[in-house]
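Enquirer: The sequence and its predicted three-dimensional model are supplied below.
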Amino acid sequence: MTPDQFEALCGLLRLRRAGSTREALRMILVDGARVTDAARATEMSQPAVSNALARARRVLRMAEQATQGR
């Protein structure tokens, strides 16, 4: 995912500019980090990061479905 795509996703997720969840998701989706590494770096629990990632992927699927058939 590009940084611009990530910024658009953050808008859909309504994530604050500075926050652990946003940083963890950026590390995973843009930089290619593993969930465990992102959790450790942001001092979040691994389940919390996994839940945020699952939510982000659901939103991405919904956005893709909304744009199909154009």
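Expert: On my side now, so go ahead.
Enquirer: Centroid-nearest residue for the protein?
Expert: residue 25 (3.7 Å; Cα atoms, centre = their mean).
Enquirer: Pull the residues that contact the host helix or strand of it.
Expert: Using DSSP states H and E, residue 25 sits within helix 20-29. The contact list for helix 20-29, computed with Cβ atoms under 8 Å, 6 or more residues apart in numbering, reads 1, 6, 9-10, 15-16, 33-35, 37-39, 41-44, 48-49, 52-53, 56. Backbone N, C-alpha and C define where each C-beta goes, glycine included.
Enquirer: 6 Å instead, please
Expert: Residues from elsewhere that reach helix 20-29 (Cβ atoms under 6 Å, 6 or more residues apart in numbering): 1, 6, 10, 15, 33, 38, 42, 44, 49, 52, 56.
Enquirer: average pLDDT for that helix?
Expert: Helix 20-29 shows a mean pLDDT of 97.
Enquirer: send the alpha carbons of the helix or strand following it over as CSV?
Expert: Under the assignment DSSP H and E, the closest C-terminal helix or strand after helix 20-29 is helix 35-42. Extracted in CSV, the C-alpha atoms of helix 35-42 (Å, rounded to 0.1, in the frame of the first residue of the first chain):
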residue,chain,number,x,y,z
VAL,A,35,2.0,-7.7,13.6
THR,A,36,4.3,-8.7,16.4
ASP,A,37,6.9,-6.2,15.5
ALA,A,38,4.3,-3.4,15.1
ALA,A,39,2.8,-4.3,18.4
ARG,A,40,6.1,-4.2,20.2
ALA,A,41,7.2,-0.9,18.5
THR,A,42,4.0,0.9,19.5
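Enquirer: Just the buried positions in the next helix or strand after helix 35-42, please.
Expert: Counting by DSSP H and E, the next helix or strand C-terminal to helix 35-42 is helix 46-67. Neighbour-count burial for helix 46-67 flags 49, 50, 52, 53, 56, 60 (criterion: 16 or more other Cβ atoms under 10 Å).
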